[in-house]
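J.: Sequence and predicted structure are below.
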Amino acid sequence: MGFATNAIHAGQPPDPSTGAIITPIYQTSTYVQDALGQHKGFEYARTQNPTRLSLERNLAALEGGQAAHCFASGMSAIDTVMKLLKAGDHVIVSENTYGGTYRLFERVWRDFGLDFTYVDTTEAIHVESALRDETKMVFLETPTNPIMAVADLEGIGQLTQAHGIRLVVDNTFMSSYFLRPIEWGADLVVHSTTKYLNGHSDSVGGVIVSTRPEDAERIGFLQNAVGAILSPFDSWLVLRGTKTLAARMRQHDENGRQVANFLADHPKIQKVYYPGLAQHPQHERAQRLFSGFGGMIAFETGSLAAARAVLDNVRLCALAESLGGVETLISHPATMTHASVPAAQRARLGITDGLVRISVGIEDVEDIIADLDAALQRA
Ligand code: P1T
């Protein structure tokens, strides 16, 4: 089956009790057992829920994984991935990640004895140079939030396989539609389902897709033991979201390309970060790894004052954190999503005070461009 067909059908047979074509929201905390030790596979709703199970099967199919487990947020999914490790283990991480990921690693997990080294993952050699005997995992985001650097997934996938190290890819920005990291050697894929998978800015959630049975078993154990589960209603919302993932992503991509071209030609903008532009340093790699470039763009306005002027003058684009919804969102990484990254590191990565990030929605693209044009004129 093709991707769009799987997105609509995988994991969701008609409801066995009524034939309902849409998986119901099983809003229950427990399940009545027929007799002691005899039940229908569902005992307690932290452990199993049919709505969540449908979503997990759906997402495993879309990523091409063995199993998926859904969590209360993208952060709780990433937190659970770290629980596969032990004190003393070392993790190599992309130097640019979502600020919350950096915060989780540096301000939570470091206290529990994990060590992290941040490297430029656009070249596998940087990962290789950071390897130690204790290295147990490479965690990368691609394209990175917000600089849109595209990791050398092929090279890093070969390296981690050769060394028997787990490769974890945060695939939130491309979504399973444009990139399937497992095909390039990833062992685990995580998403903030809050973003493209749900797509309608009305749910917070996360998922881990695994490829090895032993990881799937341990992640299922942790999901139950820790309990940071995705609720039945949120599971239902994301299931509804994935049905239109293919159609939405095609439109995000179409609009993203047009907005990126508009920004690249604009005299007030100094630099545009979008893998679909020929001048992007990893454009050719992006063409090879991704089947589209999506709707995430960052651009350099030159100063905090110029960024503020754009952000204060947009009317259609909404000034907000988050991304991946049908509506266009615009944000200021330095003070919003990446405020927890130290200023010196932000400066080194290019997350300047003049940097603006846009999550291009699927409105009529002329309206998005007209809104940005008007705001830039006032900037
Ligand atoms: O917000 P949450 O569902 O917990 O997901 C965290 C997360 C994980 N990974 C990536 C790549 C992300 O971008 C995020 C969340 N990002 C934003 C809220 C943002 O505006 O960038």
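T.: Here it is on my side, so go on. Here the structure is a predicted model, which is why all the values come from computation and not from measurement.
J.: Pull up the residues of the stretch 151-300 of the chain that are close to the ligand.
T.: Selection of the stretch 151-300 of the chain residues close to the ligand by Cβ under 6 Å from any ligand atom yields D170, T172, S192, T194, V204, G206. Bear in mind the C-beta positions are built from the backbone N, C-alpha and C, glycine included.
J.: residue in the stretch 151-300 of the chain nearest to the ligand?
T.: Per Cβ to the nearest ligand atom, S192 is where the stretch 151-300 of the chain lies closest to the ligand, at 3.0 Å.
J.: The closest residue to the ligand within the stretch 51-200 of the chain and T101: what is the separation?
T.: Using Cβ to the nearest ligand atom, the single residue of the stretch 51-200 of the chain nearest to the ligand is G74, 2.3 Å away. Look at G74 and T101: by Cβ to Cβ, to the nearest Å, they are 9 Å apart.
J.: List the residues that are in contact with both of these two.
T.: Both G74 and T101 lack any common contact, where contact means Cβ atoms under 8 Å, 6 or more residues apart in numbering.
J.: hang on, T5 in a helix?
T.: Yes: under DSSP: H, G, I helix; E, B strand; the rest coil, T5 sits within a helix.
J.: Can you get me a residue count around it?
T.: 10 (other Cβ atoms under 10 Å).
J.: Now the spatially most central residue of the chain: which helix or strand?
T.: Residue closest to the mean C-alpha point of the chain, counted by Cα atoms, centre = their mean, is T172 at 1.5 Å. Using DSSP states H and E, T172 falls within no helix or strand.
J.: likewise A307?
T.: Assigned by DSSP H and E, A307 falls within helix 304-313.
J.: Check the residues of the stretch 151-300 of the chain next to the ligand and tell me the two furthest apart.
T.: D170 and V204 (15.7 Å; Cβ to Cβ).
J.: what about those two, which has more around it?
T.: D170 (27 against 20).
J.: So in this structure, which strand runs the longest?
T.: Counting residues, the longest strand found in the chain (DSSP state E) is strand 135-141.
J.: Can you show me the helices along the protein?
T.: 3-9, 50-63, 74-82, 99-107, 124-130, 153-163, 175-178, 213-226, 232-243, 245-264, 283-289, 304-313, 343-349, 365-378 (DSSP state H).
J.: export the ones you listed to CSV and tack on mean pLDDT?
T.: Listed next are these as CSV, based on pLDDT from 0 to 100:
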stretch, mean pLDDT
helix 3-9, 98
helix 50-63, 98
helix 74-82, 98
helix 99-107, 97
helix 124-130, 98
helix 153-163, 98
helix 175-178, 98
helix 213-226, 98
helix 232-243, 98
helix 245-264, 98
helix 283-289, 98
helix 304-313, 97
helix 343-349, 95
helix 365-378, 97
